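# please find the sequence and the predicted model below.
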Amino acid sequence: MHVVLVEPEIPPNTGNIARTCAATRTHLHLVEPLGFSISDRYLRRAGVDYWDFVEVHVHPDWQSVVDYLGHPETWYYFTSHSSRYYTEARYTPDSVLVFGKESTGLPATLLESYQNQTYVIPMDSRVRSLNLSNAVAIVVYEALRQQNFGPMRV
């Protein structure tokens, strides 16, 4: 599977997501501009010793991700502006899970272009959003659960 972070801003979140990707054999794609340097010590500390176990790709823009992974019409986009729960999606080993930056989420242009592929993690309406690294972990593990945990089986 693939996790795509569009313009992530907070180094520890991306580090935690990298750790989740390492633990689940999920590829991580970062779309620039990033709110930090990839060598940022906070980013490295959050990922601890797991950076060698995750395949990370940095893309200069959205089109670069599309060119690299292809077929965005079959991808899943996560936003608080959807009526479909993340558990309704049918994930496969090739799924591409797309998340926006911490402050504003996914760009409106992406949400408009792929509105039939948007999903939400339900939460109390008094809470604006979940932490990005928590949201990614929730979705990645649901995708793996649907696949009977594939390579993670014990």
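It's in.

# only C-alpha atoms for contact and neighbour calcs from this point on.
OK.

# the helices in this structure, which residues?
Along the chain, counting by DSSP state H, helices occupy 11-24, 41-47, 62-69, 108-113, 132-146.

# got any ranges where this structure has weak pLDDT?
Applying pLDDT under 70 to the chain flags the ranges 40-49, 151, 153-154.

# ok, now with 80
38-51, 151-154 (pLDDT under 80).

# rewinding a little: compile the helices of the chain into CSV and extend it with columns for mean neighbour count and distance to Ile121.
As requested, the helices of the chain are exported to CSV (neighbours: other C-alpha atoms under 10 Å; distance: least, C-alpha to C-alpha, whole Å):
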stretch, mean neighbour count, distance to Ile121
helix 11-24, 22, 17
helix 41-47, 19, 24
helix 62-69, 13, 23
helix 108-113, 12, 16
helix 132-146, 18, 7
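
# which of those helices sits closest to Gly35?
helix 11-24 (7.6 Å; C-alpha to C-alpha).

# could you dump the closest one to CSV, C-alpha only?
Below are the C-alpha coordinates for helix 11-24, written out as CSV (Å, rounded to 0.1, in the frame of the first residue of the first chain):
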residue,chain,number,x,y,z
PRO,A,11,7.9,16.8,11.6
PRO,A,12,6.9,14.6,14.5
ASN,A,13,3.6,13.7,12.8
THR,A,14,5.5,12.6,9.6
GLY,A,15,8.0,10.7,11.8
ASN,A,16,5.2,8.8,13.5
ILE,A,17,3.6,8.1,10.1
ALA,A,18,6.9,6.8,8.8
ARG,A,19,7.1,4.4,11.8
THR,A,20,3.6,3.2,11.0
CYS,A,21,4.6,2.7,7.4
ALA,A,22,7.7,0.8,8.5
ALA,A,23,5.6,-1.5,10.8
THR,A,24,3.1,-2.2,8.0
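
# next, the angle helix 132-146 makes with that helix.
20 degrees (axes from the mean of the first three to the mean of the last three C-alpha atoms, to 10 degrees).

# where's helix 11-24 relative to the chain centroid, distance-wise?
Remark: helix 11-24 is offset 10 Å from the chain centroid, using C-alpha atoms, centre = their mean, to the nearest Å.

# elements contacting that helix?
Helix 11-24 sits against strand 27-31, helix 41-47, helix 132-146, with contacts defined as 3 or more C-alpha pairs under 8 Å, 6 or more residues apart in numbering; DSSP states H and E.

# which of these sits closest to Lys101?
Nearest of the helices and strands packed on helix 11-24 (C-alpha to C-alpha): helix 132-146, 7.9 Å.
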